[in-house]
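> Pasting a predicted model and its sequence here:
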There are 4 protein chains.
Amino acid sequence: MPAPVTLVALLHGPDQPGLVARVAGWIFARGGNILHADQHRDMEEGIFFQRIEWVPVRESSAGHEAEEFLAFAASLGMQARIRHSGRKPRVAVLVSKADHCFHDLALRWRAGEFSGELVAVISNHRDLAATAKSYGLPFHHIPVTQKTKAAAEKRQLALLRKQRVELVVLARYMQILSGTFLQEFSGPVINIHHSFLPAFAGGRPYHQAHARGVKLIGATAHYATKDLDEGPIIHQDVARVTHRHGVDDLIRMGRDLEKRVLAQAVRWHLEGRTLAYRNKTVVFD
Amino acid sequence: MPAPVTLVALLHGPDQPGLVARVAGWIFARGGNILHADQHRDMEEGIFFQRIEWVPVRESSAGHEAEEFLAFAASLGMQARIRHSGRKPRVAVLVSKADHCFHDLALRWRAGEFSGELVAVISNHRDLAATAKSYGLPFHHIPVTQKTKAAAEKRQLALLRKQRVELVVLARYMQILSGTFLQEFSGPVINIHHSFLPAFAGGRPYHQAHARGVKLIGATAHYATKDLDEGPIIHQDVARVTHRHGVDDLIRMGRDLEKRVLAQAVRWHLEGRTLAYRNKTVVFD
Amino acid sequence: MPAPVTLVALLHGPDQPGLVARVAGWIFARGGNILHADQHRDMEEGIFFQRIEWVPVRESSAGHEAEEFLAFAASLGMQARIRHSGRKPRVAVLVSKADHCFHDLALRWRAGEFSGELVAVISNHRDLAATAKSYGLPFHHIPVTQKTKAAAEKRQLALLRKQRVELVVLARYMQILSGTFLQEFSGPVINIHHSFLPAFAGGRPYHQAHARGVKLIGATAHYATKDLDEGPIIHQDVARVTHRHGVDDLIRMGRDLEKRVLAQAVRWHLEGRTLAYRNKTVVFD
Amino acid sequence: MPAPVTLVALLHGPDQPGLVARVAGWIFARGGNILHADQHRDMEEGIFFQRIEWVPVRESSAGHEAEEFLAFAASLGMQARIRHSGRKPRVAVLVSKADHCFHDLALRWRAGEFSGELVAVISNHRDLAATAKSYGLPFHHIPVTQKTKAAAEKRQLALLRKQRVELVVLARYMQILSGTFLQEFSGPVINIHHSFLPAFAGGRPYHQAHARGVKLIGATAHYATKDLDEGPIIHQDVARVTHRHGVDDLIRMGRDLEKRVLAQAVRWHLEGRTLAYRNKTVVFD
């Protein structure tokens, strides 16, 4: 028996009494069965957050119910986004030359770990073309130089639009996306930063970490914003290092961290568990 | 401005459609404002779990509303327990000779980390009498020998009843409580086991761990049941060890684990975040 | 400039005064330059352990010096094993159907993380034949049934001998190797056990862990011995789980643990950092 | 039987062939028995580091042998420091008002976890006077204001000299020590920074961490230098946080991190396992 279609709504907006009851009541009145509901309040900012997942009474009208829910949420003054389990989000992965995160994502996709569809691999280099092909993934080479950056971003955007991409994952893509790109794409972009942000923001973080003699190195997955290294953090992890580890060891250990942290962030996003606001995230794990 | 009085309800019972909406609706209808609500479903067993916290419309009638809620929950076929933030649970700590967990708990209590009242320290030895006194805590010496165990447990039970104790914490108390004691006391008893259960159940776990050459040692906080080392696990943690660590090091590192794991379990329990069923727990952290 | 050839000696035997000085003196007298030296004493058992790495005075005679060192160690009553950095150990990986550890090892091999040569992939199933081929690795299908097990092990042993394999890695190989096989092969065999041994030894450990309601799951890499799940532990790690994780989540998280723990154990072994004795290991990390 | 007297030497200096053999040979020639020896090379800087522990042939002449060893090390061009297990280093702890690290250190001292003698507690406030007394520790109140800082530091230095203090531990001491103080004291000073340095250097790090929405908070123990937050890092650890944790939770969790990280750094220092150079440490754990 296949799992039933579910709807997941992610809401946030000004806190007010009765929100939990009203949302639950709306769903119950339409015969829906709530599977999970998780709330959070940012007391300082007075913001209410909710993730709620339910089985709608009829699968055939789930799409319609989703739209009605969005209207209902707006009537409560809430911003909302909805995820229909039968409609897998379309994802593009941007890569450069480093392949560890790409292999990791591709293998997890194949193992069924992500509830999304990987529809395009885009790179500014040709290095990973054969690898993408070996996974049966469409590869697009869009070279980027300082001079051609604006034109290249237009090509990328055209491709993302054509493929109806809803999420972009930067899997060690070594180009900074412009503010214009982020605004035009308008969807979420997840980046993996090879550092425990906010420490060692900027380039060559493992060299910086080694020079500073830290005893832990880290990696950070965050939503990309126009301020590099500054977007809302989704997930972070660290590994213990000692004086015996050289820069090469740190880079090797960092690869493992980056794979793990990026994969977890992508999984949470695709399951509708992450909600970004101001410069933070709420992760309903 | 003091924090408002809140009620926390912990519910569980057979799953059925509409539970989230009905519970939220009941609170909303009485003018309550829901602060947090967290649900879980055990799909295999068909059990619904919920932790819901709300500000009742009037502080003066919060106690009455709590009773009404219990009746309402029963009408839904749910077992429920309720926590009134203005009424701190009364706690007894049982100790023997080892003092690390006791110091840790007493200092955290003084730092305001626990929302409960420590009303009695009970021990089968006199060793910690002066320590308890230095923290201003009432100390009761109830010796236990194989012959006097039944009588000693009666004295313990009488004391717990007199002090209206609602939670017993075994902070390295080196006596096994009888099934009769657990049944008579009827309230929850939290134990810290100096091992990563289910490995190394039984005595001298750090010696066992050292002999087996494991690379991680652990500690486990669980609700006590009549089957020793078998109750529902609340929290566990581990520490990394190497061949360089002797049994003494393992014991020292184990003390740190035990302190941390027990304190976290007690904190979660007192905040109404733990719900035991069958031989497991749901922890709404 | 290529790194100079080094020799790594792993010694152990009855403790006696002067061992550190004698070993260092022997190397110094031959013009060698000691890069690293690490000692350990098992005080209870009175055993001395050492890992010592040095640059021999002439690369051309390094092989000869290695043999002389073995004779010298024997004269001290020590067992020794020596690793010549110019001679990569030859490794065979045994797999069945599960592919996560295999992909992980193959990709790490390609990234240059292991100082060994992967010369054979052996499986009792054909499932991973194409995958092995895609990595350019020779794949050998040796089916095993209850009836043909003895004959199959003979074929495996013949292949290992022909390929001069010095290390066997069981990457989720779902057959138990017989005592005869282990004795005949005589070299080290590393296994990944999908559990935090000694808890949940035996089959379906994630189901066992879920049923017991543990809050941490683990994986263990160990040298295989004829007593299943009982060999010397090389490395272990854990991941935190909650009531929200089903058996499927545990299995997914377990795959990540297994990959990481196995890769670390293989890396340490190939760098000559592990020394097994009785039922334990010394890991000079 | 008491443990025999041992000497621990910590050496570092320009790398040169034969150092390991010469040091071991020197000890062996005097009849000493080497218990542990650990080396490290900073390849980039060409520096050799060693920790070596041995039982001298006669306990009565151990002090004399220590002095001879220092002369021998100097003849090799090495800086050295030696620790005689029979002579416990004298330690002063500086505190202000926060008591969690102080309780933790005092209790560990009582449990015998540190091989040093706690001879003075010094504070710029009177708050912890009674607490120090309850542990039987001499308490010195030396108030510090902006105007009296120089004079106060002179009083502190006089006290440290009178008490022959060899290590100062800043257990949440909320005053910055001047460069003059550090130069005059000349011995090591260990500080606990309530942050994962280099992130959130400066004040109110938990507020900074909360504002940035990080998913891990940390603590760092380091040797104090005149550049605040910039000294060589000895130990670091982190704890996982979520959107559900407010600043108060971060502060509470931070207290636990601070206690653990500071205690580990102090233990390693007192066991002669830490060696600071440039702006880093080598920790022979």
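Happy to help now that I have it.

> Let me see the ranges of the helices in the stretch 151-285 of chain A.
Counting by DSSP state H, counting those that start in this stretch, the segments of the stretch 151-285 of chain A that form helices are A:179-185, A:205-212, A:247-270.

> Check which residues of the last one are buried.
Taking 16 or more other C-beta atoms under 10 Å in any protein chain shown as the basis for neighbour counts, the residues of helix A:247-270 that come out buried are A:250-270. C-beta here means a position set from N, CA and C on the backbone, and glycine is covered the same way.

> And the second one, by the same measure?
Of the residues in helix A:205-212, A:Pro205, A:Tyr206, A:Gln208, A:Ala209, A:His210, A:Arg212 count as buried by neighbour count, 16+ other C-beta under 10 Å.

> Give me the angle between the lowest-mean-pLDDT helix or strand in chain A and helix A:247-270.
Each helix and strand of chain A was given a mean pLDDT (mean pLDDT, DSSP states H and E); the minimum falls on helix A:205-212 at a mean of 86. Angle, helix A:205-212 to helix A:247-270, by axes from the mean of the first three to the mean of the last three C-alpha atoms, to 10 degrees: 130 degrees.

> now the buried residues of helix A:205-212 in CSV, with distance to chain B?
Shown next, in CSV, are the buried residues of helix A:205-212 (distance: C-beta to the nearest C-beta, whole Å):
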residue, distance to chain B
A:Pro205, 25
A:Tyr206, 22
A:Gln208, 26
A:Ala209, 21
A:His210, 22
A:Arg212, 23
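
> In TSV: the residues you listed, plus distance to C:Lys149.
Formatted as TSV, the buried residues of helix A:205-212 follow (distance: C-beta to C-beta, whole Å):
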residue	distance to C:Lys149
A:Pro205	51
A:Tyr206	48
A:Gln208	55
A:Ala209	50
A:His210	50
A:Arg212	55
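
> Strands along chain A, start to end?
Per DSSP state E, chain A carries strands over the ranges A:7-14, A:33-42, A:47-55, A:79-84, A:90-95, A:117-123, A:139-141, A:167-170, A:189-193, A:216-223, A:233-240, A:274-277, A:280-283.

> Is the longest one positioned near chain C?
No: contact of strand A:33-42 with chain C is not found when judged by C-beta under 8 Å from any C-beta of the partner chain; the minimum separation is 8.8 Å.

> Which elements pack onto that strand?
Strand A:33-42 sits against helix A:19-29, strand A:47-55, helix B:19-29, strand B:33-42, with contacts defined as 3 or more C-beta pairs under 8 Å, 6 or more residues apart in numbering or on different chains; DSSP states H and E.

> hmm, 6 Å instead?
On a contact count with 3 or more C-beta pairs under 6 Å, 6 or more residues apart in numbering or on different chains; DSSP states H and E, strand A:33-42 meets strand A:47-55, strand B:33-42.

> most packed of those strands?
With neighbours defined as mean count of other C-beta atoms under 10 Å in any protein chain shown, those peak in mean count at strand A:47-55, which reaches a mean of 22.

> Can you tell me which residue of the stretch 151-285 of chain A sits closest to chain C?
The nearest approach of the stretch 151-285 of chain A to chain C comes at A:Arg252, 6.2 Å away (C-beta to the nearest C-beta).

> could you measure that residue against A:Gly246, distance?
The spacing between A:Arg252 and A:Gly246, counted by C-beta to C-beta, to the nearest Å, is 10 Å.

> Who are the contact partners of whatever residue of the stretch 151-285 of chain A ends up closest to chain B?
The minimum distance from the stretch 151-285 of chain A to chain B, using C-beta to the nearest C-beta, falls at A:Arg240 (8.4 Å). Shown in contact with A:Arg240 (C-beta atoms under 6 Å, 6 or more residues apart in numbering or on different chains): A:Leu216.

> in the sheet, who's paired with it?
A:Leu216 (DSSP bridges).

> Can you get me a residue count around the residue in the stretch 51-200 of chain A that chain D sits nearest to?
Closest approach between the stretch 51-200 of chain A and chain D, counting by C-beta to the nearest C-beta: A:Ala199, at 3.8 Å. Residues lying near A:Ala199 (other C-beta atoms under 10 Å in any protein chain shown) number 23.

> That one: what's it in contact with?
So A:Ala199 contacts D:Pro198, D:Ala199 (C-beta under 6 Å, 6+ apart).

> do you know how far the closest residue to A:Leu197 other than its chain neighbours is from C:Asp256?
Among residues not flanking A:Leu197 along the chain, A:Thr220 sits closest, at 4.2 Å (C-beta to C-beta, 6 or more residues apart in numbering or on different chains). According to C-beta to C-beta, A:Thr220 stands 18 Å off from C:Asp256.

> cool, A:Phe48 as well?
Relative to C:Asp256, and taking C-beta to C-beta, A:Phe48 is found at 34 Å.

> A:Asp229: how many residues sit nearby?
Count around A:Asp229 with other C-beta under 10 Å applied: 18.

> Can you pull the residues of chain A lying near chain B?
Neighbours of chain B within chain A, by C-beta under 6 Å from any C-beta of the partner chain: A:17-18, A:20-21, A:24-25, A:28, A:33-34, A:36-39.

> per-residue confidence at A:Pro2?
In this prediction, A:Pro2 carries a pLDDT score of 67.
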